[in-house]
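In: Kindly generate the corresponding structure for this input.
(2 chains)
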Amino acid sequence: TQLLEQSPQFLSIQEGENLTVYCNSSSVFSSLQWYRQEPGEGPVLLVTVVTGGEVKKLKRLTFQFGDARKDSSLHITAAQPGDTGLYLCAGRPNDYKLSFGAGTTVTVRA
Amino acid sequence: NAGVTQTPKFQVLKTGQSMTLQCAQDMNHNSMYWYRQDPGMGLRLIYYSASEGTTDKGEVPNGYNVSRLNKREFSLRLESAAPSQTSVYFCASTLTGADTEAFFGQGTRLTVV
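Out: Now for the predicted structure:
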């Protein structure tokens, strides 16, 4: 059982549609992070959310941290083919260990 | 602008052979990590090193050993490779702290036949 559960595992949508990816845990985190990974590359950080209830926006991407700090979501508005990739949430059960969810593969069709 | 450098990028091993994956970072980071990535399983933590001189097991440590050679370098050793260790391996580093960014290498694609 993974510490961080992501859903859905796969998402395929048409350009211009919206999508939401979820990251859930039974544990409380001081912060959660979202990374994006493209084929053949390592993951790259998109955002860190640190306060319960926090909402952060990065252009068409909106990230939310749950009030209880056990879950987070990533919403993409008007998805573009360039948004295609593997989206991973990550959190630290202690200050040093960094654990990842299984990821959501997003495909945006032109 | 090297960041995190992993070698080699590709490797094919026969069952029972040994090898060491090398990782070096030039960002003066305290913490370093080794992950493996398999389809549908995200990144699973093998070992991590909170600081120079310390190492700890992650979620899937069996069959692996690590060495934090100095602050810059963190190596991963497979003593007797098995087909189940076929995977893509990533090294990462961070400063210490709950919300610091992890920087990743480009990965090593390992196949054990």
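In: Any idea which residue of chain A lies closest to chain B?
Out: Using Cβ to the nearest Cβ, the closest approach of chain A to chain B is made by residue A:42 at 2.8 Å. Bear in mind the C-beta positions are built from the backbone N, C-alpha and C, glycine included.
In: Look up how far residue A:38 lies from residue A:102.
Out: Look at residue A:102 and residue A:38: by Cβ to Cβ, to the nearest Å, they are 17 Å apart.
In: Neighbour count for the two, which is higher?
Out: Set residue A:102 next to residue A:38 and count neighbours by other Cβ atoms under 10 Å in any protein chain shown: residue A:102 wins out with 20 against 12.
In: Provide a list of residues in contact with that one.
Out: Contact analysis of residue A:102 by Cβ atoms under 8 Å, 6 or more residues apart in numbering or on different chains lists A:2, A:5-6, A:9, B:40-42.
In: Mind checking which of these land in strands?
Out: Among these, the members found in strands (DSSP state E) are A:5-6.
In: The residue of chain B found nearest chain A: what's it in contact with?
Out: Ranked by Cβ to the nearest Cβ, the top residue of chain B for proximity to chain A is residue B:104, at 2.8 Å. Applying Cβ under 8 Å, 6+ apart, we find residue B:104 in contact with A:42-44, B:4, B:90-92.
In: which among these end up buried?
Out: Buried members of the contacts of residue B:104, counted by 16 or more other Cβ atoms under 10 Å in any protein chain shown: A:42-43, B:4, B:90-92.
In: The residue nearest the centre of chain B sits in which helix or strand?
Out: Central residue of chain B (Cα atoms, centre = their mean): residue B:34, 2.7 Å from the mean position. Residue B:34 is part of strand B:31-37, with elements assigned from DSSP states H and E.
In: residues in contact with that strand?
Out: Strand B:31-37 has contacts (Cβ under 8 Å, 6+ apart) with A:96, A:98, A:100, B:21, B:23, B:25, B:43-51, B:58, B:60, B:64, B:66, B:68, B:74, B:76, B:85, B:87-96, B:102, B:107.
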